[in-house]
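Peer 1: model this:
(one chain, ligands or ions: 1)
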Amino acid sequence: MPEQSATITAVSHYVPEGRLTNRDLEKMVDTDDRWIMERTGIRERRIVEQGTPTSSLGAEAARRVLSERGVEADEIDLIIVATVTPDMMFPSTACVLQEKIGASNAWGFDLSGACSGFLYALATGAQFIQSGRHSKVLVVGADVMSSIIDFEDRATCVLFGDGAGAVLMEAAKGSNGVVDWILGSDGSGGPYLYMPGGGSLHPPSAETVERKMHYVHQNGRSVFKFAVRGMIEVSESILQRNGLTPSDLKLFVPHQANMRIIKATAEKLRLDPARVAVNIDRFANTTAATIPICLSEASTDGTIEEGDLLLLVSFGAGFTWGGILLRWGC
Ligand code: ACO
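Peer 2: Below is the predicted model of the structure:
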């Protein structure tokens, strides 16, 4: 089968209505708006009504993508859902989402890459298009982080939000699409950021609940340092091996974990701040959803246009990281 370039032909997102502001958090834990703004750049985050699963957010983002492209759900060949908050251990959220949107001819699976999940999924989806095996791949990044956050822990509960983004991947007609990608992982970083309970190592029990093992645990300061270094390294590597400099980029789209991580990375790369996608102030860290939400907003408001060169970069639990160079357009 022929090798062809894979591109994003439609992008959309969905965030829940409910807003949790820093002022709201001041009433829940010992924190204040100023600390959160200065240390993270987050002003508010969107939170689902309790019991709303990740598949519902992902399905809404997916429906919007299909309607934008004018594609019927039964035309989709493959659904990849990047998430660390699946509806349940099994069946996969991809199967639940398939049923919700009526993608009766698709197969699908979930991909666990934490904050790099969307980039892992995008690179994976691209392979099925490039090989000629599939013509329409739906890639979804969705997380309900509020379902695994301890709202009594001020060090983590201020950082995260809920949301979903989705893209449709198809064969590119011209020279647009995925230009190059670098993905990496280092399992020795596991203990810095993880959710220990609920899996086969620590199956759910009264003790795991009592010890709050079903929540995100992290060493924030260490993760911060690894994230800055990792995002800079992957950005420099992918630009260098493609003979590009940061000034060739129309938009740098970093994972939205902390405004200081984004700024430090952008400064090291000498990027014009106007060319760095930022929405962490409104949505916080939605894990697998941050990058597609940024893309969706940049596409809608006209920041990115046909032929523009973008660099998508992530770092997250695992540790995992990724960089994808993309020429925007069908
Ligand atoms: N409000 C007020 N004070 C707080 C809060 C809060 N919400 N959270 C922590 N503090 C306190 C700490 O208790 C500490 O007090 P102490 O000095 O009396 O002990 C003080 O603030 C400084 O704490 P640090 O953890 O050193 O603060 P830091 O500047 O590192 O900021 C933060 C913490 C925001 C978590 C930062 O380290 C960070 O963003 N790390 C990255 C973590 C991350 O983004 N993880 C998400 C997933 S991974 C990824 O997406 C890359």
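Peer 1: show me what contacts the residue lying closest to residue 101 once chain neighbours are set aside?
Peer 2: In space, and not counting its chain neighbours, residue 101 is closest to residue 73: 4.8 Å by CB to CB, 6 or more residues apart in numbering. The way it works is simple: take the backbone N, C-alpha and C, and place the C-beta from them, glycine included. By CB atoms under 8 Å, 6 or more residues apart in numbering, the residues touching residue 73 are 66, 101-104.
Peer 1: Not counting sequence-adjacent ones, nearest residue to whichever residue of the stretch 101-250 of the chain sits closest to the ligand?
Peer 2: Residue of the stretch 101-250 of the chain nearest the ligand, by CB to the nearest ligand atom: residue 220 (2.9 Å). Using CB to CB, 6+ apart and skipping the chain neighbours, the partner closest in space to residue 220 is residue 155 (5.9 Å).
Peer 1: That neighbour and residue 13, how far apart?
Peer 2: Applying CB to CB, to the nearest Å, the value for residue 155 to residue 13 is 27 Å.
Peer 1: The two: who's more crowded?
Peer 2: residue 13 (28 against 15; other CB atoms under 10 Å).
Peer 1: list the contacts for that one?
Peer 2: The contact partners of residue 13, by CB under 8 Å, 6+ apart, come to 61, 64, 163-166, 289, 292-293, 296-297.
Peer 1: Top of these by number of neighbours, please.
Peer 2: residue 289 (36 neighbours).
Peer 1: Wait, it touches residue 163, no?
Peer 2: Yes: using CB atoms under 8 Å as the test, residue 289 is close enough to residue 163 to be in contact (4.3 Å).
Peer 1: Test my guess that residue 213 contacts residue 198.
Peer 2: Yes: using CB under 8 Å, residue 213 is in contact with residue 198, at 7.4 Å.
Peer 1: what's the helix or strand for residue 61?
Peer 2: Using DSSP states H and E, the element containing residue 61 is helix 54-69.
Peer 1: Any chance you could list what contacts that helix?
Peer 2: So helix 54-69 is contacted by 9-16, 48, 72-73, 76, 79, 81, 83, 85-87, 93, 96-97, 100-101, 138, 140, 142-144, 162-168, 289, 292 (CB under 8 Å, 6+ apart).
Peer 1: For the ligand, tell me which of those show up nearby.
Peer 2: By CB under 6 Å from any ligand atom, no member of these lies near the ligand.
Peer 1: Going through those, which ones are buried?
Peer 2: 9-16, 48, 73, 76, 79, 81, 83, 85-87, 93, 96-97, 100-101, 138, 140, 142-144, 162-168, 289, 292 (16 or more other CB atoms under 10 Å).
Peer 1: Which of those fall within strands?
Peer 2: 9-14, 79, 81, 138, 140, 142-144, 162-168 (DSSP state E).
Peer 1: quick revisit: need the overlap of contacts for residue 289 and residue 163.
Peer 2: 13, 57, 142-143.
Peer 1: all helices for the stretch 1-150 of the chain, in order.
Peer 2: Ranges of helices within the stretch 1-150 of the chain are 22-26, 33-40, 54-69, 93-101, 117-130, based on DSSP state H, counting those that start in this stretch.
Peer 1: So which elements touch the first one?
Peer 2: In terms of contacts (3 or more CB pairs under 8 Å, 6 or more residues apart in numbering; DSSP states H and E), helix 22-26 is packed against helix 33-40.
Peer 1: Briefly note if the helix it packs on comes near the ligand.
Peer 2: Yes: applying CB under 6 Å from any ligand atom, one finds that helix 33-40 is in contact with the ligand at 35-36, 39-40.
Peer 1: okay if I get the residues you listed as JSON lines plus neighbour count and pLDDT?
Peer 2: Output for the residues of helix 33-40 next to the ligand, formatted as JSON lines (neighbours: other CB atoms under 10 Å; pLDDT from 0 to 100):
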{"residue": "35", "neighbour count": "14", "pLDDT": "98"}
{"residue": "36", "neighbour count": "22", "pLDDT": "98"}
{"residue": "39", "neighbour count": "16", "pLDDT": "98"}
{"residue": "40", "neighbour count": "21", "pLDDT": "98"}
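Peer 1: and which of the residues you listed is nearest to residue 117?
Peer 2: residue 40 (20.8 Å; CB to CB).
Peer 1: ok, the closest one - contacts?
Peer 2: Taking CB under 8 Å, 6+ apart, one finds 158-159, 258-260, 280, 284 in contact with residue 40.
Peer 1: ok, now with 6 Å
Peer 2: By CB atoms under 6 Å, 6 or more residues apart in numbering, the residues touching residue 40 are residue 258.
Peer 1: count of residues packed around residue 228?
Peer 2: Neighbours around residue 228, by other CB under 10 Å: 19.
Peer 1: Show me the domain layout of the protein.
Peer 2: 6-172, 178-327 (automatic domain parsing).
Peer 1: just those domains: most buried one?
Peer 2: domain 6-172 (a mean of 21; mean count of other CB atoms under 10 Å).
Peer 1: For residue 181, see how far away the residue in the stretch 1-150 of the chain that the ligand sits nearest to is.
Peer 2: Here the stretch 1-150 of the chain gets closest to the ligand at one residue, residue 31, 3.3 Å apart by CB to the nearest ligand atom. According to CB to CB, residue 31 stands 38 Å off from residue 181.
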